[in-house]
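K.L.:
Pasted the sequence and its predicted model underneath.
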Amino acid sequence: MERPLTQNIRPDGQTVDIAAYEQAGGYLGLRQAIGSLAPAEVTRIVTDSGLRGRGGAGFPTGSKWSFVPMGDDAPRPKYLVANADEMEPGTFKDRLLMEGDPHQLIEGMAIAAYAIQAEVAYVFVRGEYVLPARRLQQAIAEAEGRGYLGNNILGSGYSLALHVHTSAGRYICGEETALLNALEGRRAIPRAKPPFPQASGLWGQPTVVNNVETLCNLPHILARGADWFKSLSRTGVSGTKIYGASGRVMRPGAWELPMGTSLREILEEHAGGMRGGLRLRGVLPGGASTDFLVEEHLDTPMDFEAVAAAGSRLGTGTMIVLDDRTCPVAMLRNLEHFFAQESCGWCTPCRDGLPWVESILDDIEEGRGRPEDLDLLDLHTHLLGPGKTFCAHAPGAMEPLQSALKYFREDFERHIRDHRCPWRAS
Amino acid sequence: MLSPEEIRAIEEEAPRYRDRQALGIEALKIVQRHRGWIPDEALAAVADYLGLPREHLEGVATFYNLLFRKPVGRHIIRLCDSVSCWLTGQETVCRALCGEHGLTMGGTTADGRFTLVTVPCLGACDRGPVMLVDEDLVGPLQPESLGPILGRYE
């Protein structure tokens, strides 16, 4: 089984320097792109490869780039931003990639920047990621020293400045237009779309924002071709995916596997199943803002379409496991506390609705719930659903809630009926 | 007043950004690195130095959770309170920190040694429960392992 994204990553946690990266075939994809392909050809190869965004939304990468104005009349400068603001609860894949193989991200960024003809690129890395930021800084200096970044890259005439920006915090910065406001030194509130960032992004200039894992795929696609990349997956949905599992499983971790590996295989073979004596009750397949899947869904291939058909989203592909000795209501309270706290406050349904949801869950968990509270929660899943708010934050918050109300409704009802949480000692 | 070191650090960042507004967050981070937090007079000095409205910079400073607008202790403990750590025992760790170790959530110890705050998912969910002490990520935490860990920070 091929694991292009993690092939260089060392089990001891040490990083890969530029010599080791080059020795493993690194920067061949960039040489290929800059040396022999026009920008439009790079975009076509990436489109043909079927690569879709690994940050959560799954938008086709080549298509995203294709909206950037090209040619001599295009506004300049253009920007490329790597979204390294990994803050989706339960997600720990981009940290692995940046700490373990920072040059892979840098090469991917240089390829993407070349394809859209960007002059400047930023890695927007969350402030708590101290080690990833440090290793990226070091790797950027190495890459500049070898002519992979900076002026006249590899003698091609193409130049790119790459900077690391460490964030000052907040989950909402992972939303791409909020991220751009943060880079501009503003409060990180999302922007209205359209215009999309490809037309008017950072400082009003054409900008592409791609996730770290997405960008890390590019060197391999360029070096080995679109057909090879498609052949990596089990289900025709292109490439590998870094899957993860956390919660009370035997071996929490992250593994690069063929796209379309089943939930069951990830949980049972790689995560080693549940910890002793525990049973699986549910799984958030791709981070906090995805719908629960339950035991009947375990044979679902973890790709975009199959997870959607099962009623959830692939999201970040890093799953959070709920066991049978943990209270689902308390878990939802934890999740909605997070979403309420991280609302940017810009639009009213999200700013006021999410704390209301949290306080209802507080009441139910603390034994103060009323039967009509379940109707209120149901109502909120509609009032805060897609299309009702400025960005995807509140709709994302409703995904675990609406599915919990579906699969674990008896647990909510029991809390209300008994005026206590059955999982807690009375 | 900004110190010469602070001004030098701000100007080192300047070429990486297109304008002075974008430099605002960087400047606040630099002030915090030198002073531990961002006092009113430092915020005003940054705003004046960069030519930004103070109200704008105040709005920015109060938006981002890694910027402190109140004094903090010598060491910052950021305890992850997101779902994966919660599932693996974060509440017992929090109780131990706030109980036997005498910390208060959102507060600073009387000796000025520690400030304890929560933080969303630290991206180390396979090592939960985790916390960040200054720049050090530690986990998986057990209530009984906290004493030796805290002992490393004076």
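P.N.:
Cool, the structure landed. Residues are numbered from 1 along each chain as shown, chains lettered A, B, ... in the order given.
K.L.:
Could I get the full set of strands for the chain?
P.N.:
Looking at chain A here, since you left the chain open. A:79-84, A:120-125, A:161-166, A:207-211, A:240-247, A:253-258, A:280-284, A:318-323 (DSSP state E).
K.L.:
Actually, chain B is the one I wanted.
P.N.:
B:75-80, B:114-119, B:131-133, B:136-138.
K.L.:
how about those in JSON lines, adding mean pLDDT, mean neighbour count and distance to chain A?
P.N.:
(Glycine included, C-beta is placed from N, CA and C.) JSON lines is the format used below for the strands of chain B (pLDDT from 0 to 100; neighbours: other C-beta atoms under 10 Å in any protein chain shown; distance: least, C-beta to the nearest C-beta, whole Å):
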{"stretch": "strand B:75-80", "mean pLDDT": "98", "mean neighbour count": "22", "distance to chain A": "7"}
{"stretch": "strand B:114-119", "mean pLDDT": "98", "mean neighbour count": "21", "distance to chain A": "7"}
{"stretch": "strand B:131-133", "mean pLDDT": "98", "mean neighbour count": "22", "distance to chain A": "6"}
{"stretch": "strand B:136-138", "mean pLDDT": "96", "mean neighbour count": "16", "distance to chain A": "8"}
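K.L.:
Any idea which residue is closest to the centre of the chain?
P.N.:
Looking at chain A here, since you left the chain open. In chain A, the centroid-proximal residue (C-alpha atoms, centre = their mean) is A:Gly55; its distance is 2.6 Å.
K.L.:
wait, I meant chain B there
P.N.:
Mean-position check on chain B, C-alpha atoms, centre = their mean. Result B:Leu66 at 4.6 Å.
K.L.:
Which residue is the nearest non-sequential neighbour of that one?
P.N.:
In this structure, B:Leu66 finds its nearest non-sequential neighbour in A:Gly169, 3.8 Å apart by C-beta to C-beta, 6 or more residues apart in numbering or on different chains.
K.L.:
That neighbour: what's it in contact with?
P.N.:
Residues near A:Gly169 by C-beta atoms under 8 Å, 6 or more residues apart in numbering or on different chains: A:Arg126, A:Gly127, B:Tyr64, B:Asn65, B:Leu66, B:Leu67.
K.L.:
correct me, but the fifth one touches A:Cys173?
P.N.:
Same thing as B:Leu66. No - with contact defined as C-beta atoms under 8 Å, B:Leu66 does not count as touching A:Cys173 (10.8 Å).
K.L.:
and for those two, which residues touch both?
P.N.:
Joint contacts of B:Leu66 and A:Cys173 (C-beta under 8 Å, 6+ apart) are A:Ser167.
K.L.:
for the chain, longest helix please?
P.N.:
Assuming you mean chain A. helix A:348-365 (DSSP state H).
K.L.:
please go with chain B instead
P.N.:
Ranked by residue count, the top helix of chain B under DSSP H comes out as helix B:20-35.
K.L.:
Could I get the CA-only coordinates of it as PDB?
P.N.:
These are the backbone C-alpha positions of helix B:20-35, laid out as PDB (Å, rounded to 0.1, in the frame of the first residue of the first chain):
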ATOM      1  CA  ARG B  20       0.300  48.800   8.800                       C
ATOM      2  CA  GLN B  21      -3.200  47.500   9.700                       C
ATOM      3  CA  ALA B  22      -2.000  43.900   9.000                       C
ATOM      4  CA  LEU B  23       0.900  44.600  11.200                       C
ATOM      5  CA  GLY B  24      -1.400  45.300  14.100                       C
ATOM      6  CA  ILE B  25      -1.900  41.700  15.300                       C
ATOM      7  CA  GLU B  26       1.800  41.100  14.900                       C
ATOM      8  CA  ALA B  27       2.600  44.100  17.000                       C
ATOM      9  CA  LEU B  28       0.200  43.100  19.700                       C
ATOM     10  CA  LYS B  29       1.800  39.600  19.800                       C
ATOM     11  CA  ILE B  30       5.200  41.300  20.100                       C
ATOM     12  CA  VAL B  31       4.100  43.500  23.000                       C
ATOM     13  CA  GLN B  32       2.700  40.500  24.700                       C
ATOM     14  CA  ARG B  33       5.900  38.500  24.200                       C
ATOM     15  CA  HIS B  34       7.800  41.300  25.900                       C
ATOM     16  CA  ARG B  35       5.400  42.200  28.700                       C
END
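K.L.:
Any idea which of the strands of chain A gets closest to chain B?
P.N.:
strand A:240-247 (3.6 Å; C-beta to the nearest C-beta).
K.L.:
can that closest one be found next to chain B?
P.N.:
Yes - counting by C-beta under 8 Å from any C-beta of the partner chain, chain B is contacted by strand A:240-247 at A:Gly244, A:Ser246, A:Gly247.
K.L.:
Looking at those residues, which is nearest A:Met319?
P.N.:
A:Gly244 (6.7 Å; C-beta to C-beta).
K.L.:
what about A:Arg409, neighbour count?
P.N.:
13 (other C-beta atoms under 10 Å in any protein chain shown).
K.L.:
Next, find the distance separating B:His75 from B:Glu6.
P.N.:
22 Å (C-beta to C-beta, to the nearest Å).
K.L.:
can you list the residues that contact stretch A:343-351?
P.N.:
A:170, A:172, A:178, A:187-190, A:354, A:383-384, A:388-391, A:393-394, B:63.
K.L.:
same thing with stretch B:137-144?
P.N.:
Outside stretch B:137-144, the residues touching it (C-beta under 8 Å, 6+ apart) are A:130-131, B:85, B:88-89, B:92-93, B:95-96, B:122, B:124, B:127-132, B:149.
K.L.:
Could I get the buried residue list for that stretch?
P.N.:
Neighbour counts using 16 or more other C-beta atoms under 10 Å in any protein chain shown place B:Leu137, B:Val138, B:Gly139, B:Pro140, B:Leu141, B:Pro143 of stretch B:137-144 among the buried residues.
K.L.:
and the gap between the fourth one and B:Gln90?
P.N.:
Noted for B:Pro140: a distance of 10 Å to B:Gln90, by C-beta to C-beta.
K.L.:
list residues touching both of these two?
P.N.:
With C-beta under 8 Å, 6+ apart as the test, B:Pro140 and B:Gln90 both reach B:Gly128, B:Pro129.
K.L.:
how does chain A divide into domains?
P.N.:
By the assignment in automatic domain parsing, chain A contains the domains A:18-231, A:240-323, A:328-418.
K.L.:
end to end, how far does the second one reach?
P.N.:
Which is domain A:240-323. Using C-alpha to C-alpha, to the nearest Å, the end-to-end distance of domain A:240-323 comes to 28 Å.
K.L.:
and the two most separated of the buried residues of stretch B:137-144?
P.N.:
Checking the buried residues of stretch B:137-144 with C-beta to C-beta, the most distant pair is B:Leu137 and B:Pro143, at 18.4 Å.
K.L.:
can you list the residues of chain B near chain A?
P.N.:
B:16-19, B:21-26, B:28-29, B:59-60, B:63-67, B:78, B:81-84, B:86-88, B:119-128, B:132, B:135, B:137.
K.L.:
A:Met1 touches A:Glu265, doesn't it?
P.N.:
No - counting by C-beta under 8 Å, A:Met1 does not reach A:Glu265; the two are 12.0 Å apart.
K.L.:
out of the two, which sits in the busier spot?
P.N.:
A:Glu265 (18 against 8).
K.L.:
Now for that one: which residues touch it?
P.N.:
Contacts of A:Glu265 (C-beta under 8 Å, 6+ apart): A:Leu257.
K.L.:
Repeat that for the one 4 residues further on.
P.N.:
Contacts of A:Glu269 were listed using C-beta under 8 Å, 6+ apart, and none were found.
K.L.:
can you check A:Gly286 too?
P.N.:
A:Gly56, A:Val307, A:Ser312, A:Arg313, A:Leu314, A:Gly315, A:Thr316, A:Gly317, A:Thr318, A:Met319.
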